[in-house]
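Engineer: need the 3D shape of this:
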Amino acid sequence: MKNIAIRTLALLMIMTPMVSWTSGEKMANEPKIGLNVGDIAPNIEMNGPDGKVYSLKDLRGKIVLIDFWASWCGPCRRENPN
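Structural biologist: Numbers count the residues shown, from 1 in each chain. Prediction:
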């Protein structure tokens with residue numbers, strides 16, 4: 001019984017770095033997701049509460065704050081109760 005436990009532990013110690021290494025290799029080959037600070041954001045068009053279409057490209061060169069929230073998010077609801 002003790003031999004089985006030692007062999008299992010040894011196998012786990014050998015396999016864990018191998019699995020971690022292959023996972024990291026997969027991540028390095030995947031395309032980049034997201035933006036870095038200073039990158040130009042992709043164009044987003046949204047309908048405003050007034051029915052007007054707002055486009056992010058119309059605001060290029062200006063400071064823009066986009067607040068993403070959800071109706072099920074408690075802190076979000078406190079920030080915007082309407």
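Engineer: how much space between Lys57 and Ile63?
Structural biologist: Lys57 is 15 Å from Ile63, where distance means Cβ to Cβ, to the nearest Å. The way it works is simple: take the backbone N, C-alpha and C, and place the C-beta from them, glycine included.
Engineer: oh, that last question was meant for Trp72, not what I typed.
Structural biologist: 29 Å.
Engineer: which of Lys57 and Ile63 has more residues huddled nearby?
Structural biologist: For Lys57 versus Ile63, neighbours defined as other Cβ atoms under 10 Å are more numerous around Lys57 (11 against 5).
Engineer: now do the strands in the protein.
Structural biologist: 45-47, 53-55 (DSSP state E).
Engineer: where does this structure have its least confident helix or strand?
Structural biologist: Of all helical and strand segments in the chain, the minimum by mean pLDDT, DSSP states H and E falls on helix 2-29, at a mean of 69.
Engineer: grab the nearest non-local neighbour of Gly48.
Structural biologist: Nearest non-adjacent residue to Gly48, counting by Cβ to Cβ, 6 or more residues apart in numbering: Tyr54, 5.3 Å away.
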